[in-house]
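Participant: Predicted model and sequence below, questions to follow.
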Amino acid sequence: MRKTLLISLAVLLVAAASFVAGRWYVDNRYPAFDTSCELFVYPHTTVDEIQERIDTCCHLKFPGSMARVFRKEKVSENMRPGHYVIEKGKPAVYVARMLNH
């Protein structure tokens with residue numbers, strides 16, 4: 001009984017670690033965009049508007065990834081207006097960091 005409990009706990013821990021590692025990989029390393037596109041950010045543009053534009057023009061593979069990265073990088077607080085080019089094959093964190101600087 002105790003051995004079964006330890007094995008079950010170990011399997012659960014490995015599954016949780018795999019889930020967290022997979023999400024990190026998709027957000028930070030996995031190519032998120034199928035095409036290149038241009039993005040114009042104006043002074044009063046909201047994060048929701050930016051995400052909608054990215055979804056429509058760049059063919060984002062994992063929209064949830066972009067939302068997570070925007071929250072983690074605090075894009076809504078630090079977003080800079082300007083003209084940005086999102087390159088094909090870049091990860092989601094690339095856009096969030098680009099908008100912050």
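Facilitator: Arrived safely.
Participant: what comes up buried for the lowest-mean-pLDDT helix or strand in the chain?
Facilitator: Across the helices and strands of the chain, the lowest-confidence element by mean pLDDT, DSSP states H and E is helix 75-78, at a mean of 74. The neighbour-count criterion (16 or more other Cβ atoms under 10 Å) identifies residue 75 as the buried residues of helix 75-78. From N, CA and C alone the C-beta is placed, and that goes for glycine too.
Participant: helices and strands around it, which ones?
Facilitator: The helices and strands touching helix 75-78, judged by 3 or more Cβ pairs under 8 Å, 6 or more residues apart in numbering; DSSP states H and E, are helix 47-57, helix 92-100.
Participant: average pLDDT across the lengthiest helix in the chain?
Facilitator: Using DSSP state H to define each element, the chain has its longest helix at helix 2-28. Confidence over helix 2-28 (mean pLDDT, whole number) is 92.
Participant: The next helix or strand after that helix pairs with which strands, parallel or anti?
Facilitator: Beyond helix 2-28 on the C-terminal side, the first helix or strand identified by DSSP states H and E is strand 37-41. Under the criterion DSSP bridges, strand 37-41 sits next to strand 82-86 (antiparallel) in its sheet.
Participant: Distance from the strand it pairs with to the middle of the chain?
Facilitator: Relative to its parent chain, strand 82-86 has a centroid offset of 17 Å by Cα atoms, centre = their mean, to the nearest Å.
Participant: Would you mind getting the angle between that strand and helix 47-57?
Facilitator: Between strand 82-86 and helix 47-57, the angle comes out at 40 degrees (axes from the mean of the first three to the mean of the last three Cα atoms, to 10 degrees).
Participant: Show me the contact partners of strand 82-86.
Facilitator: When contacts are defined by Cβ atoms under 8 Å, 6 or more residues apart in numbering, strand 82-86 is touched by residues 33, 36-41, 54, 58, 94-95, 98-99.
Participant: What residues of it count as buried?
Facilitator: When neighbours are counted by 16+ other Cβ under 10 Å, the buried residues of strand 82-86 are found to be residue 86.
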